[in-house]
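3D model of this:
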Amino acid sequence: MKRIGHWIDGAEVAGTSNRHGPVYDPADGRVQAQVDFASVSEVDEVVASAVAAQKSWGQSSLSRRAEILFRFRELLDGRKAELARILTSEHGKVFSDAMGEISRGLENVEFACGVPHLLKGEHSEQAANGVDVYSLRQPLGVVAAITPFNFPAMVPIWMLANAIACGNACVLKPSEKDPSASLFLANLLKEAGLPDGVLNVINGDKTVVDRLIEHPAVAALSFVGSTPIAKYIYENGTRHGKRVQALGGAKNHMVVLPDADVEMAADAAVSAAYGSAGERCMAVALVVAVGAVADPLVAAIASRLGRIKVGPGTDPANEMGPLITREHRDRVASYLDIAVNEGATVVRDGRQDKFENDGFFLGLSLVDHVKPGTRVYKDEIFGPVLSVVRVDTYEEALNLVNTHEYGNGTAIFTRDGGAARRFQREVDVGMVGINVPVPVPVSYYSFGGWRSSLFGDHHMYGPEGIRFFTRTKVVTSRWPDPSTSVIDLGFPRNR
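Numbering: from 1, shown residues only. All right, here's what the predicted structure looks like:
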């Protein structure tokens, strides 16, 4: 049985706690590895390594940091197929989804390569007579990154690229369900020239998370995951005096107005709802069909589902892979029975699809006539189940989006520019797509939602990521008039 350890001081090391967890191959259901779970003392060892490394790294030149990140970018680009195969093996997503994930991560590395520009401060000469005032952006020290299973390469890159660029040392705690991608990234950063200890990877469970929250040398916590855990980390992290950004769950609405191109909207709904088996926080979970568009739209979506091939991610012909675990697959599937009990109509039941092996597969499912307030409407299902809500007016659709617990992302499909402009102004969510179903911002903007989708004041990556991983220092300086100096500095003096 393969054993997956930690990455400490520039090398992979075995855990010493005698605790571990299984890492499955979701495509066949077998355990392919055991991942070590760290103890409190191992977490303390890792943080001590990070503290020691950060002292010199935080004083390193911006050009050196940029050079290392450029090398890392080239190494990652050259080996992205290898990393994609790791993602497919442990997460289950198809190879094309895995390659797309890495490409989006690469964009964030490219953004961080601009750190000499990103860390520029401000300067005011002669704020008063002989007085200059200027600001500096300096690293926090040691920061912790706690990342989810659904994007085991991209989300760690979101955090560590900016954290390291800003001069921090980073302790990365990946999901125990698919930890190998983080070790792969750590190896590439070492090859790129990152000093040992600036990035450490510690695997584990709640024991590790709680110790990172409590550890006095950890200055900040960055998290992506479910809303209950995001709230837990935010409340406990801030109670321990830490800066926290914690991105939670989502229930993204895609509003389709009566004038929309039905075929375009159906294609968008299918790709956004079922890509990566629906295990992504930006997936479309709810289609809000306004007025007469509902019947043709549901029919167009349903007609596409039978043509999508579901199977192991290693087969390039497959377009959707398995879910992450058997327990999660069964939980997602249970919502189809819940939908019927709540009065909805199951247009397509993915449980009826047959698969050749014991992998964690669920076919594409479509539920119509979902009512606001029901569990299928409210809960983050996080799987290949798309729900349709029917309303009569734009105002009803807008109210659904704005009153839902989550405010992560939304999209509107319409040919009416006025309606689109009104929607982008009136909708209360963090990310908006106009005829774009998955409005993930490019790397030089920032990612994050509102309401229960975000705890903290900073969104992820981009400019807000730089602000999160630095603190501002303002310097006010006054120097004596050179003409009065007792030291001959070569300046002309008034005689």
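
Am I right that Gly433 sits in a helix?
No. The assignment for Gly433, made by DSSP: H, G, I helix; E, B strand; the rest coil, is strand rather than a helix.

my read: it touches Ile412, true?
Yes. Gly433 lies in contact with Ile412 (Cβ atoms under 8 Å); the separation is 7.4 Å. Every C-beta, even on glycine, is put in place using the N, C-alpha and C of the backbone.

which one of these two has more residues nearby?
A count of neighbours by other Cβ atoms under 10 Å puts Ile412 above the other of Gly433 and Ile412, at 30 against 21.

Which strands and helices lie in contact with the helix or strand where the more buried one lies?
Using DSSP states H and E, Ile412 sits in strand 409-413. The contact analysis (3 or more Cβ pairs under 8 Å, 6 or more residues apart in numbering; DSSP states H and E) places strand 409-413 against strand 252-256, helix 262-274, helix 417-426, strand 431-434.

Averaged pLDDT, it. What do you get?
Averaging the model's pLDDT scores along strand 409-413 yields 96.

and that strand, C-alpha only, in PDB?
This file holds the C-alpha atoms of strand 409-413, laid out as PDB (Å, rounded to 0.1, in the frame of the first residue of the first chain):
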ATOM      1  CA  GLY A 409     -22.100  33.400  -8.100                       C
ATOM      2  CA  THR A 410     -24.900  33.900 -10.500                       C
ATOM      3  CA  ALA A 411     -25.600  34.200 -14.200                       C
ATOM      4  CA  ILE A 412     -28.200  35.700 -16.500                       C
ATOM      5  CA  PHE A 413     -29.000  34.600 -20.100                       C
END
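
Next, the residues that contact it from outside, please.
By Cβ atoms under 8 Å, 6 or more residues apart in numbering, the surrounding residues in contact with strand 409-413 are 250, 252-257, 260-261, 264-265, 268, 272, 281-282, 284, 401, 419-420, 423-424, 427, 429-440, 449.

Pull out the buried residues from those.
For these, a neighbour count by 16 or more other Cβ atoms under 10 Å gives the buried set as 250, 252-257, 260, 265, 268, 272, 281-282, 284, 401, 419-420, 423, 427, 429-433, 437-440, 449.

Out of the helices and strands packed on strand 409-413, the one nearest His240 is which?
strand 431-434 (29.7 Å; Cβ to Cβ).

which strands and helices sit next to that closest one?
strand 409-413, helix 417-426.

so which of the ones you listed comes closest to Arg467?
Taking Cβ to Cβ, strand 409-413 is the member of the helices and strands packed on strand 431-434 nearest to Arg467, at 21.4 Å.

can you give me the angle that closest one makes with helix 417-426?
170 degrees (axes from the mean of the first three to the mean of the last three Cα atoms, to 10 degrees).

How far away from the center of its chain is strand 409-413?
Strand 409-413 has its C-alpha centroid displaced from the chain centroid by 19 Å (Cα atoms, centre = their mean, to the nearest Å).

quick one: strands adjacent to it?
The partner list of strand 409-413 in its sheet, established with DSSP bridges, is strand 252-256 (parallel), strand 431-434 (parallel).

pLDDT of the last one, averaged?
Confidence for strand 431-434, expressed as mean pLDDT, is 94.

what are the C-alpha coordinates of it, in CSV please?
Only the C-alpha atoms of strand 431-434 are listed here, as CSV (Å, rounded to 0.1, in the frame of the first residue of the first chain):
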residue,chain,number,x,y,z
MET,A,431,-19.6,37.1,-9.0
VAL,A,432,-21.9,37.7,-11.9
GLY,A,433,-22.0,36.2,-15.4
ILE,A,434,-23.8,37.7,-18.4
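
related to what we said a few turns ago, of all the helices and strands packed on strand 409-413, which one is nearest Arg137?
Here strand 431-434 is closest among those (Cβ to Cβ), at 25.7 Å.

Give me the phi and psi angles of the residue nearest to the spatial centre of the chain.
Nearest to the mean C-alpha position of the chain, counting by Cα atoms, centre = their mean, stands Val155 at 4.1 Å. Phi and psi for Val155, reported as degrees, to the nearest 10, are phi -70, psi -40.
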